[in-house]
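> task: produce atomic coordinates for the following.
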Amino acid sequence: MSGPNYDPRTHELITYHDAVAKFSDGSDTPRDYLERCLERIDAIENEVMAWEILNRDAAREAAEEAGARYKAGAPLSLVDGMPIGIKDLIETVDMPTEYGSELFKGHQPIRDAASVNALRKGGAVIIGKTVTVTFGGGDPARTRNPHDTSRTPGGSSSGTAAAVGGGTIPGALGTHARGSTIRPASFCGSYALKATFGALNRQGVFSAAQSMDHLGIFGGDLSDVWIMSRHISKHGGGDPGYPGLHGADRPPAPRRPARLIRLETAGWDQTDDATKATFEDFIGSLTDKGVEIFGRADDPSIEAYEQVFADMPELWRSLYRFEFQWPMLQYKERYPDQIPPRLLMGLKEAEGLSQAEYREALNRRVRIRDLHRQLALRADAFITLSSPGPGPVGMDQGSAVFNEGSSVVGMPSLSLPLLSVDNVPVGIQILGQFDEDERLTAVGRWLAEEHFGR
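Presented below is the predicted three-dimensional model:
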């Protein structure tokens, strides 16, 4: 691949919702669409290494079946025929699910995860399994950034972000307990949604932090992201005890925000100067369009929230380290030589955490959620960066500091591939009110379409 020359205004991501009309009139077919995806995958896979498994034969069969339904005028759903990749932390009945770990080499589930089952029943073409970091929290995987293979794609949804951001497939599933959706989407130039906590069913998904894990939805644009998300929730529900994702099946129309709250979070001090300048230019462009931007200097309540966010890395660590001891402690005790160094380090940190400390961390989160609910009433969304810069050179996964807050608190978050620094992607992140994912998506659509002029 050539050197980095990424420009978000010209880079072509693959979309699906706008291809469906051609399936209905016969000018295109789901099988031909799939073959174009496979060609794009083959063109970059040797260098990017986004896929653990490509299930070509089964995907082609599913695409042919979808084509017959379109020809008959009877598609099953809005995702019928859509090629979708599945992160290898998510169970699939027809492909191994190995969690990025040698411990589970060849492990074959007897069921699909709830999300995969919903997509498959809607006619989606499950094209394969994408590479993940070991158990979603281990050392970096082999995947490279599709825009500069000397850089990390981020993690732990490494393969998912690289496959979508590289323009090879229109949609894919990831997960998110710290920054595993928003960070790699930022580095690889994909749209992505981390929905309100509990809105998308995680059954059948490996979880190392039950109170913070989310299903992550990646796509070539927000319409496809929304269609996939709503289909999963409509046919697979939310997590048990949660009502699921609210909204219509079709994507919301763009919504111009009147007011946005700018957040620096704990990440601003880690952000490089070039990324800061690019972000400031973007915020200035919104102000020029009449959008009111309020920050910590404008409102004591925002300043109080910023101070809370400054402590998010420590709070996230307390919650995650306590929760991921099960089942990780058993793996360490039984197979110590097969646990990656980063996970071993985390388990060592977890040894000193008491139940009383965990209880206090939970109480702190309750108070922060109340603060978020109150502050979110004052604006259409919060806006910040998705990462403190582009994906670093080398295979370190990069900082998730801009993502820990939404993981802890559980509000919806979107990454929008609107910026470029050093000719590689950097995402804009917007965050919303609990259960208002549809409204946040509408604001995201306006930001993207206004920014790109299309």
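
> contacts and neighbour counts: CA atoms only from here.
Fine.

> any regions of this protein where pLDDT drops low?
Across the chain, the ranges flagged by pLDDT under 70 are 1-3.

> quick one, strands of it?
Secondary structure of the chain (DSSP state E): strands at 51-54, 83-87, 125-130, 171-176, 191-194, 214-219, 259-262, 292-294, 381-385, 413-421, 424-431.

> can you tell me what sits against the last one?
In other words, strand 424-431. If you take CA atoms under 8 Å, 6 or more residues apart in numbering as the criterion, strand 424-431 is touched by 4-8, 147-148, 182, 185-189, 275, 381-387, 389-390, 406, 411-420, 440, 444.

> drop anything exposed from those.
Neighbour counting by 16 or more other CA atoms under 10 Å classes 4, 6-8, 147-148, 182, 185-189, 275, 381-387, 389-390, 406, 411-420, 440, 444 among those as buried.

> and the helices in the stretch 301-450 of the chain?
312-323, 325-334, 341-350, 355-376, 404-409, 437-452 (DSSP state H, counting those that start in this stretch).

> how about these in CSV, adding distance to Gly216?
Conversion of the helices of the stretch 301-450 of the chain to CSV gives the following (distance: least, CA to CA, whole Å):
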stretch, distance to Gly216
helix 312-323, 18
helix 325-334, 22
helix 341-350, 22
helix 355-376, 21
helix 404-409, 12
helix 437-452, 13
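
> quick one: Leu385 from Asn5, how far?
Leu385 is 21 Å from Asn5, where distance means CA to CA, to the nearest Å.

> picking up where we left off before, among the strands of the chain, which is the most enclosed?
strand 191-194 (a mean of 32; mean count of other CA atoms under 10 Å).

> what is that strand packed up against?
Where contact means 3 or more CA pairs under 8 Å, 6 or more residues apart in numbering; DSSP states H and E, strand 191-194 is packed against helix 182-188, strand 214-219, helix 222-236, strand 413-421.

> need the residues that contact it.
Taking CA under 8 Å, 6+ apart as the rule, strand 191-194 contacts 176, 181-182, 185, 214-222, 225, 412-417.

> could you please name the strands that strand pairs with and the direction of each pair?
strand 214-219 (antiparallel), strand 413-421 (antiparallel) (DSSP bridges).

> quick one on the thing from earlier: of all the strands of the chain, which one is nearest Phe206?
strand 171-176 (9.0 Å; CA to CA).

> list the residues that contact the nearest residue to Thr92 once chain neighbours are set aside.
Leaving aside its sequence neighbours, Thr92 sits nearest to Asp112 (CA to CA, 6 or more residues apart in numbering; 4.4 Å). If you count contacts by CA under 8 Å, 6+ apart, Asp112 has them with Glu91, Thr92, Val93, Gly204.

> ok, now which ones touch the second one?
Contacts were defined as CA under 8 Å, 6+ apart; by that measure Thr92 touches Gln108, Pro109, Ile110, Arg111, Asp112, Ala113, Val116.

> the same query, at a cut-off of 10 Å, please.
Going by CA atoms under 10 Å, 6 or more residues apart in numbering, Thr92 touches 86, 108-117, 126, 128-129, 204-205.

> Ser77: which of those is nearest?
Closest to Ser77, out of all of these and judged by CA to CA, is Asn117, at 13.5 Å.

> which one is the closest one nearest to, not counting chain neighbours?
Using CA to CA, 6+ apart, the nearest residue to Asn117 is Gly236, at 7.6 Å.

> quick one: that neighbour from Pro8, how far?
33 Å.

> over to Ala162?
15 Å.

> please tabulate the strands of the chain in CSV, including the columns distance to Tyr331.
Listed next are the strands of the chain as CSV, based on distance: least, CA to CA, whole Å:
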stretch, distance to Tyr331
strand 51-54, 22
strand 83-87, 21
strand 125-130, 23
strand 171-176, 21
strand 191-194, 28
strand 214-219, 23
strand 259-262, 42
strand 292-294, 47
strand 381-385, 36
strand 413-421, 32
strand 424-431, 35
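
> the ones you listed: which one's closest to Leu286?
Per CA to CA, nearest to Leu286 of those: strand 292-294, 8.0 Å.

> need the contact partners of the closest one.
Contacts of strand 292-294 (CA under 10 Å, 6+ apart): 257-263, 283-284, 286-287, 302, 378-379, 382-383.

> which members of the residues you listed are the farthest-apart pair?
Gly284 and Arg378 (20.3 Å).

> most centrally placed residue in this structure?
Thr181 (2.7 Å; CA atoms, centre = their mean).

> roughly how far apart are the residue nearest to Asn117 and Lys87?
17 Å.

> Tyr70 too?
28 Å.

> what do you get for Leu416?
In terms of CA to CA, Leu416 sits 20 Å off from Lys87.

> show me what contacts Phe197?
Taking CA under 10 Å, 6+ apart as the test, what Phe197 contacts is 211-215, 238-239, 242, 244-245, 406-412, 434-435.

> what subset of those is buried?
If we count by 16+ other CA under 10 Å, the contacts of Phe197 have these buried: 211-215, 238-239, 244-245, 406-412, 434-435.

> quick one, what contacts the nearest residue to Glu357 once chain neighbours are set aside?
In this structure, Glu357 finds its nearest non-sequential neighbour in Ser318, 7.8 Å apart by CA to CA, 6+ apart. Going by CA under 10 Å, 6+ apart, Ser318 touches Met312, Glu349, Ala350, Leu353, Ser354, Glu357, Tyr358, Arg359, Glu360, Ala361, Leu362.

> surely the second one and Arg317 touch.
Yes - contact criterion CA atoms under 10 Å: Glu349 and Arg317 qualify, at 9.2 Å.

> looking at those two, which is more packed in?
More neighbours surround Arg317 than the other of Glu349 and Arg317, with 18 against 14 (other CA atoms under 10 Å).

> quick one, what contacts that one?
Here Arg317 is in contact with Arg178, Glu323, Gly346, Glu349, Ala350, Ala361, Glu404, Val408 (CA under 10 Å, 6+ apart).

> cool, Ile182 as well?
154-155, 157, 161, 175-176, 190-194, 216-218, 385-387, 400, 402-403, 406, 413-416, 427-429.

> and if you look at Asn145?
47-50, 151-154, 158-159, 161-163, 165-166, 184, 187-189, 391-395, 424-425.

> distance of it from Ala163?
For Asn145, the distance to Ala163 - CA to CA - is 9 Å.

> can you check Val291 too?
Following CA to CA, the distance that separates Val291 from Ala163 is 34 Å.

> out of those two, which sits in the more crowded spot?
A side-by-side neighbour count of Val291 and Ala163, using other CA under 10 Å, places Ala163 first with 33 against 16.

> that one and Leu173, how far apart?
For Ala163, the distance to Leu173 - CA to CA - is 11 Å.

> leaving aside the residues next to it on the chain, what's closest to Leu215?
In space, Leu215 is closest to Thr175, 4.5 Å off (CA to CA, 6+ apart).

> surely the one you found is in contact with Ser207?
Yes - at 8.9 Å, Thr175 counts as touching Ser207 under the criterion of CA under 10 Å.
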